[in-house]
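[1] Make a model of this:
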Amino acid sequence: MELSLFVFVLALAYANGTNDVSKAIATLVGSGVANYRTAVIWGTIWTTVGAAASGVVAGAMLNTFSSGLFQPGVAAPPALAGAVLVGAIAWVLVASRTGLPVSTTHALTGALIGAGLLAFGSRGLAWPAITQKIALPLLLSPVLALSLSLVLHPVMRVIAGRWEGSCLCVMPASRALVSVDAHGNTRTLFQASALGQPVVAVPSHCDRAGLQGVTVGLDTIHWISSGLTSLARGVNDAPKILAMLLLGGVVAPWPSDTMKIAAFAGAALAMGLGSFIGGYRVTEVLAEKVTRMNHVEGLSANLTTSSLVLVTATMGLPVSTTHVSSSAIIGIGLLKGLRAVRWATVRDMVLAWIVTLPVSALLAGLAYVILSQLL
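    Prediction:
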């Protein structure tokens with residue numbers, strides 16, 4: 001059973017990659033900073049890094065999904081974890097195939113409740129924990145993301161407006177940091193007196209002033225924010241998926257450190273593979289069919305998503321990257337007016353969010369009935 005369960009875990013990690021990589025890279029494509037292929041590769045790399053890092057920083061999330069949703073002392077039957085995984089996998093893959101951005105967290109939660117009701121009955125589930133640790137964060141996260149994007153984007157727009165056309169240039173050969181304004185005028189801000197002193201900088205057009213050095217502009221910061229969001233998504237989702245290997249225990253120990261490392265490495269690679277192979281359909285929906293974005297708007301949406309997801313993941317509060325990212329993008333659109341948002345697409349997304357819980361619960365319940373007869 002252990003090997004087959006691990007295969008199911010890898011399958012869910014793959015399915016998660018096909019749907020969720022879009023949440024971090026859609027702004028790159030929608031704002032014209034990158035094409036689909038480059039954006040997907042970028043998201044895949046940082047998703048894999050985040051999933052691997054989650055083994056160190058997201059232990060609270062692992063415990064929440066492995067043992068925190070059942071009453072103390074309840075022993076999970078052999079079919080439970082497999083049924084939960086089947087229910088979540090089936091729905092996430094269907095949604096990815098049809099281009100609907102859905103939440104793996106929602107799918108897992110629905111599957112846990114559906115299979116758990118059949119396995120333990122209503123009394124076996126820890127309803128207060130389900131409400132406080134899962135339901136409330138999932139319900140509040142879209143509101144928080146929408147509100148934060150409405151506040152953050154005007155600030156980012158002002159900063160970007162002052163920055164546009166100017167840059168800072170790192171000149172390693174001269175050990176100097178030089179500013180270049182919109183007219184090409186240069187000014188030395190810092191120059192080290194000796195080798196070995198660090199010089200750190202930011203933005204973009206040193207070449208027009210005839211300077212040679214390392215440059216980073218607003219577009220580059222957008223890339224960084226997208227990578228950070230992908231990393232946050234990996235940190236947030238991998239522990240939930242891997243918790244199925246430990247499901248139902250009063251505590252959540254790993255048999256060995258080697259097993260833990262192998263499990264997180266396998267999930268990270270599976271999430272990355274799913275992102276690279278199947279991440280295009282949902283990315284297109286979020287990039288082109290919700291609202292049009294420029295790179296400052298995309299940057300604001302990514303900063304909103306990454307900050308919320310990273311903070312809640314380290315606290316063990318399972319928010320949905322899907323809901324956070326989509327709500328941030330909708331918030332950016334609302335700042336431009338109601339007509340800037342394509343409400344038909346938003347309607348389809350919200351309907352998919354609503355049906356995720358009951359459909360995943362139903363699929364997991366059916367899987368539990370079948371697996372119980374086979375195991």
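[2] Show the pLDDT at the residue nearest to residue 360 when sequence neighbours are not counted.
    The spatially closest residue to residue 360, leaving aside those adjacent along the chain, is residue 110, at 3.4 Å (C-beta to C-beta, 6 or more residues apart in numbering). Every residue, glycine included, has its C-beta placed from N, CA and C. According to the prediction, residue 110 has pLDDT 90.
[3] So residue 110 is in contact with residue 354, correct?
    No: in terms of C-beta atoms under 8 Å, residue 110 does not count as a neighbour of residue 354; the distance is 11.0 Å.
[4] And those two? Which one has more around it.
    Here residue 110 and residue 354 are set side by side on neighbour count (other C-beta atoms under 10 Å), and the busier one is residue 110, at 26 against 11.
[5] Give me the phi and psi angles of that one.
    phi -60, psi -40 (degrees, to the nearest 10).
[6] which ones are touching it?
    87-88, 91, 356-361, 364 (C-beta atoms under 8 Å, 6 or more residues apart in numbering).
[7] Which of those residues lies at the shortest distance from residue 267?
    Out of the contacts of residue 110, the one with the shortest distance to residue 267 is residue 88. That distance is 13.6 Å, counting by C-beta to C-beta.
[8] quick one: secondary structure of that closest one?
    Reducing the assignment to helix, strand or coil with DSSP: H, G, I helix; E, B strand; the rest coil, the entry for residue 88 is helix.
[9] returning to that earlier point: what's the spacing between the residue nearest to residue 360 and residue 74?
    19 Å (C-beta to C-beta, to the nearest Å).
[10] try residue 100
    From residue 100 across to residue 74, the span is 34 Å (C-beta to C-beta).
[11] Which one's more surrounded, the two?
    For the pair residue 100 and residue 74, the greater number of neighbours falls to residue 100 (23 against 19), based on other C-beta under 10 Å.
[12] Quick one: the helices in the stretch 251-375 of the chain, in order.
    Along the stretch 251-375 of the chain, the stretches classed as helices by DSSP state H, counting those that start in this stretch are 257-278, 280-288, 295-315, 321-334, 343-374.
[13] Include mean pLDDT when you put those into a markdown table, please.
    Listed next are the helices of the stretch 251-375 of the chain as a markdown table, based on pLDDT from 0 to 100:
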| stretch | mean pLDDT |
| --- | --- |
| helix 257-278 | 86 |
| helix 280-288 | 77 |
| helix 295-315 | 78 |
| helix 321-334 | 80 |
| helix 343-374 | 86 |
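[14] and those helices, which is most packed in?
    Mean neighbours per residue, mean count of other C-beta atoms under 10 Å, is largest over those for helix 321-334, with a mean of 28.
[15] Just confirm residue 13 contacts residue 244, I think it does.
    No: with the criterion set as C-beta under 8 Å, residue 13 and residue 244 do not qualify as a contacting pair; they are 10.3 Å apart.
[16] Okay, now the unreliable bits of the stretch 151-300 of the chain?
    Screening the stretch 151-300 of the chain residue by residue with the criterion pLDDT under 70, one finds the ranges 162-218, 248-253, 290.
[17] residue boundaries of the strands in it?
    Using DSSP state E, counting those that start in this stretch, the strands of the stretch 151-300 of the chain run over 167-171, 176-180, 186-191.
[18] would a markdown table of the helices of the stretch 251-375 of the chain with distance to residue 147 be doable?
    Putting these into a markdown table (distance: least, C-beta to C-beta, whole Å) gives the following:
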| stretch | distance to residue 147 |
| --- | --- |
| helix 257-278 | 29 |
| helix 280-288 | 19 |
| helix 295-315 | 9 |
| helix 321-334 | 7 |
| helix 343-374 | 17 |
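[19] Show me the one of those helices that comes nearest residue 232.
    So among those, helix 295-315 is nearest, using C-beta to C-beta, at 4.1 Å.
[20] shouldn't residue 22 be in contact with residue 100?
    No: with the criterion set as C-beta under 8 Å, residue 22 and residue 100 do not qualify as a contacting pair; they are 10.6 Å apart.
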